[in-house]
Each structure stands twice: as C-alpha cells, then as structure tokens.
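Undergrad: Return atomic coordinates for the entry below.
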Amino acid sequence: MSRSFPLEHIRNIAIIAHIDAGKTTVTERILYYTGRTYKIGEVDEGTAVMDWMDEEKRRGITITAAATTCYWQDHRIDIIDTPGHVDFTAEVERSLRVLDGGVVVFDAVAGVEAQSETVWRQADRYNVSRICFINKMDRIGANFDRTVSMIEERLRAKPLLVQLPLGSEASFEGIIDLVENKAWRFVGAPDSPPVEVAIPEDEKAKCAQARQTLIEKLAESDDQILALYLEGSTITPEDLKGALRRVTLAVKGVPVLCGSAQRNKGVRPLLNAIIGYLPSPADMPPVRAIDTRVGGEVTRPPKDDAPFSALAFKVVSDPFVGRLVYFRVYSGTVKVGAQVLNSTRGKRERIGRLLRMHANHREEAEKVGAGAIVATLGLKDTFTGDTLCHYSQPVLLEPIRFPEPVLAVAVEPKTRADQDKLGKALQRLTEEDPTFRVTYDQEAGQTIISGMGELHLEFLVSRMVSEFGVEAKVSKPRVAYKETITVPVEVEGKFIRQSGGRGQYGHVLIRIEPMERGGGFQFVDRIKGAAIPKQYILAAEVGVKEAMETGVVAGYPVVDIKATLYDGSYHEVDSSDIAFKMAGSMALKDGVVKAKPVLLEPIMKMEIVAPEPFLGDIMGDLNSRRGHVESIGAHDGMSVIRALVPLAETFGYATNLRSLTQGRAAYSLEFHSYEEMPAELADQVSGKAAVR
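TA: Below you'll find the model as predicted:
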C-alpha cells in the first residue's frame, strides 16, 4: 500500500485536562495554525469546531470526545479533544486506550486540579507518553513554578522544563526556549510569526540554571546524555531534542511548555513539540492479543503487511449517515467493502464507507493502514471495545474497561406515543455510552437509567428530547447501592418439583465467601467425581449470577463474593438446566441472608476551593453529610479541602455551597470507591426499597 504519510510521520494524540483548563481552545488554535480551519473558533461564543453538539455550545464545555486530523511540517496529527468533567471520564478512558501520546493542559492559576489527577492516572494505566502545556499564563495569579511543583508532587511525574515564560500575568509576552537557548515574543495578529528577542539580563542566570537542571534530569534517564555530561562535552540542541524524545517515549519524563492559547501565544512551539517528542505508531511496541484458535498470546506489529487487527472504541448515531463506529488500526490494512471478523462476538462484518472525521464533518477514504484512526458505516453488531481482525487469523485485543455507573433515575414517557420512541432512544444511547445502563424494575414498573453523575444523566435526557423527539418525565436521582456479605457460609440449594409427568430435580451445596472490595465475582467448581454433570454446573453458575443481579436484601446487585460449588446431586431423569439454575439461585439468596449482608454505597472524592473565612462553615456542612476530610491546603488565599463524601449526600450541593460562601466557592467530584454503609442508614434504604 502506498502511503501519503510514512508511519513515522503520524501522531495520534489526545488533548486532556481538568474542565476549563483550555483543552478545546488549545485544539482550536492547533487547527487554525495547521490550516485546518480558516477562522479561530471560540468556546465562549459557541463557535468552537470541536464542541459541535448543541448541548456543548449551550453549556460551553466539552461533553463527547471529538476527533480531527491536521497537518504540520509534513506530519499528520490525529487529535481527540476529550471532556474534562468527571461525569464524562469514559470518553477520556476510551480515547487514551487507542492513542499513542497526549498533551496535558494545565491552568497556570489553578495548577493541578482534581480531574487532572484522574486523567493522568488514566494515561499512566495505558502507558501513554505525554507533554505538558501550562496554559493561561496571561491570567492574574498565573504561577508557572507552582504548577510545575504540583506536577512533580501530586502527579509523581518528572517534569522536564523545555521552556520558561517570558513575563507573567499581564506582562506575559512569549517564551524562553531552554533547548535552543533563545527567547521568542508573540506579537500582533494571530498569523504574525514569533519574533526572536534577546533573553533579558535578569533572566539569564535563571535560564542557565534551568537548562543545567534539564541536562541533569535527562542524564538520569538517558545514557547518551549521561556520557556527554560525564565527558564534559558540549551538549547541542540536537542532543537535547533526541534525549527528550527518548525519555518521553519511555514515559520516564514529561517535557513542559507554556503559553496562552486564548492569546495565540505558544501554540506553534507546542505543535513542534508534538512532532518532536511524542511517539508515532512505528515507535509503539507490537500490540498484544490472544489467538482465539489456540488460546495463546500473539503480537501484531504496527506494519501494513501484518494481519489486520483493530479496536472499536466509540459508537455514534450520526443523524445524517447513521451508525458510525470509530476504530484504531493496530496492524495491517483494510479497505471499503472488506469482510472482517468481529472476534469479540464471533460475527463477520462488512466495512462500508471509511471516513476520516473532522468533528462532525467527514472525508472519504478508500483504504487505511496501521496507525489510522477512522470511522466506518455498516458494522451492525460491533460495539465499544470489540476487536476487528482478518477472519483467517482471528485475535482478541484487550478490551476497554469502564467505571461502573453510580447514579440512577427513573424515566418514563409522557405519552403513549413516546413509549416506542423511548425504547429506541435508550438502545441507541446505550450503544454509544458504555457507562450508561438501562434496567427495568419489575416491582415498581419503572425504567431505570444509570450514569456517572447528575450532569451525565441530564445531558442524556436532553439528547432524548433534541435528537430522538422523546418527551420523558424523570424522577429524583437514585444512588446505585450494592449488596455484599461479611462472613463465609455454606448453604444448600434444592429445587424439587413433582407432577404427573417428568419432574424437576436440582441440588447444589455452595460455599459463599466475601472478597476484598472491588473483587467482583468468582465462581469456583470444586465438584469431585461425577456428583453433578458439567452442563448442570454451568446452569448453577448462571442461577447464582442472576440472583446476584436482582439482589437479596434490598434489590441491589450483590458484588465482591466468591461462590464455590463443592457438592450436590442429580437425578438421571428429572434433572435439567432449569432445575440447577433455580437451585443455584436459591442457594445464593439463602446464603446472602445468612452471611451478615451489608449495603455498599458509592463514595466520591470531593475537592472544594473556597475563601478561607468560609472554611468553618464548609467543614461543618461536610460533617453533616458524613464527609471525611482528607486534607486542607492553601493556594493564593483560598482554602483547598479534599474530602470523601457519600454520593447520596452530594445532591444539590452546588446550591448549598453557593449559599454558604456567597457564591465564591467551587467544587469538583469524582468516583472514589464503594464502602460499607452505616447500619441504621442501610435499614432506611432497605425499607424504602421494600416499599418500592
């Protein structure tokens, strides 16, 4: 396959950060300077290309990860602009899973914020190479040195300063390039090239020290620089660039740049750093996969002549072209009309049109190769996390793992005409969003939708109205509690029915034990001899799982248990799958009741930034909400409180916090863990569930 761009000249990157750090503004400037757009889009004016959805324009925030492609210095850069709000963290998760590098944007005033830590940990999990861009250097209170210290302390990273700011706050006018030992001023219109100026006399000593520190930090992680350093040889800018690239690719350090995207300062050097320091698909190790024919591990190198393998990471219902599936090609090539295998579901699919996306605009492609990120039409049975591969060499790539939803509301159509439309809308939204769940409460006769937070669910309900024309009534938020056990028990499940004809007989003995928090579910077969045939063991496991889903104490799912089937009996004639499924279900329900069950509730990590005089009122309010304060810090005369608070106690907190602090405080939330609920509150929840 002839390539328009060599694999080494491709960069697949994400722009990630806390909400309001300036991700979309940075992306809009990148698109402008690379010639992808002819006019700079502004978030505040609702003209940002990447925030194309009506909800994003109305709220002024990014909600869905939008993909685009641009070109710089004979390189192709595929960019995904990700949301910064914790409710949409799944968009970051799936983007980082398929990308090679990331630009992490920080607000120079706020520094490292709550969601900055979350996205950094996500990037760590996928071993994504990063560069940091400290944005908003022109704002009052901007502090470059403090932000760098926070990157080092809170993110446990090794910042490698390749730039220093030239001025700060209102006097910020450019950058000092420590690699080239040059200073650049950004003046005039956005299209005006930066002007090289002399490094100010009062900055020379600081620059020399910073450059020396950069060399020493690189020497700690790079043998070539270490050798030059020990020999006392002159270290050239090319030596530093090579070392910065090697260290960044090895995820042993992060180059740090600065600027003000809003004022068009520092974006061109950022583009040069993306090309210079972040990896191409060719720099990535071969992707690991499971050969589904033999069950062993195999690798797929990032080459066009390797067998085709790709991972679907996003499904979108496009109002104009239909169901779009985004996928990343890890190896091989694929063309329009090709037959591929969805090895996750064991189904063959036909590739329809291949599209390169620019937010909500599309460009056709006939054939794509390794490293490509594209969307396609025609995949009816492919969902987020599925593997696509050549049908003659089936492999299974590691799927994408998403956090569990923590908040639920009941939704019902306003009219009978909305009933059918509601079902279709919910199905489409579930296909698109892996953190959105739909269940039906038989007892209450309600459809329950679950998501990552109030904003997440509010956004999805808005989409039901605007995109699918469904008018729906939504109840108050409901917390997604879980049930678990605290002591091990051994129980018997026996299902026997006799009638005139063939009866039913299923008998199991199961040991149920608690697992550590977050351990999930484990089923162990310890049957000796032929006490129970294999097919009935599987049926018993299905029965246990189904009973866990519907809950025992209060109707919430049972989690973190291990069930060991160690004995039982069967009847040659009367035993059946249904009988053993019922026996497994009965054993689980009986066992949970006997094993001192408890309710688990979602605990959120909360960060509050407020003026110091209001600290006492906020602390008192947190105590009343069963909050546990982890730390209290200070920043620019503001108190920074980090606490763990049960999700059930956070509803309406924004209004309450504003009234406590005269509207001067802000807070952010992210999911932390599930913890045991106090017994008296658990009884109240169980009682309400029983009434429902």
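
Undergrad: Now do the phi/psi pair for the residue nearest to residue 598 when sequence neighbours are not counted.
TA: Leaving aside its chain neighbours, residue 598 sits nearest to residue 676 (5.1 Å; criterion: C-beta to C-beta, 6 or more residues apart in numbering). Any C-beta I mention is one placed from the backbone N, CA and C, and that applies to glycine too. For residue 676, the backbone dihedrals (degrees, to the nearest 10) come out as phi -70, psi 140.

Undergrad: ok, now residue 194?
TA: Dihedral pair for residue 194: phi -60, psi 150, per degrees, to the nearest 10.

Undergrad: and what of residue 171?
TA: phi -90, psi 0.

Undergrad: Just the pLDDT for it.
TA: Looking at residue 171, its pLDDT is 91.

Undergrad: mind checking how far it is from residue 192?
TA: In this view, residue 171 and residue 192 are 19 Å apart by C-beta to C-beta, to the nearest Å.

Undergrad: Residue 243 contacts residue 227, correct?
TA: No: at 10.9 Å, residue 243 does not count as touching residue 227 under the criterion of C-beta atoms under 8 Å.

Undergrad: what is the residue nearest to residue 598 paired to in the beta sheet?
TA: Assessed by DSSP bridges, residue 676 has beta-bridge partners residue 600.

Undergrad: since we're on it, how many residues are nearby?
TA: Residue 676 has 13 neighbours, counted by other C-beta atoms under 10 Å.

Undergrad: Contact partners for it?
TA: Going by C-beta atoms under 8 Å, 6 or more residues apart in numbering, residue 676 touches 598, 599, 600.

Undergrad: Run a quick check on residue 169 versus residue 143, I expect a contact.
TA: No: in this structure residue 169 lies outside contact range of residue 143 using C-beta under 8 Å: 9.3 Å.

Undergrad: In terms of neighbours, single out the busier of these two.
TA: A count of neighbours by other C-beta under 10 Å puts residue 143 above the other of residue 169 and residue 143, at 19 against 15.

Undergrad: picking that back up, quick one, which of residue 243 and residue 227 is more surrounded?
TA: Using other C-beta under 10 Å as the criterion, residue 243 and residue 227 rank with residue 243 on top: 26 against 11.

Undergrad: That one: what's it in contact with?
TA: Counting by C-beta under 8 Å, 6+ apart, residue 243 has contacts 218, 222, 224, 225.

Undergrad: ChimeraX command for the buried members of these?
TA: To isolate the buried members of these in ChimeraX, using 16 or more other C-beta atoms under 10 Å:
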select :218,222,225
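
Undergrad: right, and the pair among the contacts of residue 243 with maximum separation?
TA: Farthest apart among the contacts of residue 243 by C-beta to C-beta are 218 and 224. That separation is 9.1 Å.

Undergrad: circling back to that earlier point, out of the contacts of residue 676, which is nearest to residue 668?
TA: Among those, and counting by C-beta to C-beta, the member closest to residue 668 is residue 600, at 23.2 Å.

Undergrad: doesn't residue 610 make contact with residue 661?
TA: Yes: shown here, residue 661 and residue 610 form a contact pair, counting by C-beta under 8 Å, at 5.2 Å.

Undergrad: which residues are in contact with both of the two?
TA: Contact criterion C-beta under 8 Å, 6+ apart; residues shared by residue 661 and residue 610: residue 618.

Undergrad: quick one: average pLDDT of stretch 422-441?
TA: 84.

Undergrad: what sits up against that stretch?
TA: Contact partners of stretch 422-441, identified using C-beta under 8 Å, 6+ apart, comprise 90, 94, 314-317, 323, 383-385, 400, 402-405, 410-413, 446-452, 456, 460, 463-464, 467-468, 470, 472, 555, 692.

Undergrad: Among these, which ones are in strands?
TA: Members of the contacts of stretch 422-441 lying in strands (criterion: DSSP state E): 314-317, 323, 410-413, 446-451, 472.

Undergrad: Show the buried residues in those.
TA: By 16+ other C-beta under 10 Å, these give 314-317, 323, 410-411, 413, 446-451, 472 as buried.

Undergrad: Return the member of those residues nearest to residue 105.
TA: For those, the nearest to residue 105 is residue 314 (21.5 Å; C-beta to C-beta).

Undergrad: can you pull the contacts of that closest one?
TA: Counted by C-beta under 8 Å, 6+ apart, residue 314 has contacts 65, 94, 325, 326, 384, 432.

Undergrad: Please report how far it lies from residue 92.
TA: Distance from residue 314 to residue 92, by C-beta to C-beta: 12 Å.

Undergrad: ditto for residue 231
TA: 44 Å.

Undergrad: Compare neighbour counts for those two and give me the winner.
TA: Neighbour totals were compared for residue 231 and residue 92, and residue 92 leads with 24 against 8 (other C-beta under 10 Å).

Undergrad: Which element, helix or strand, includes the more buried one?
TA: helix 89-98 (DSSP states H and E).
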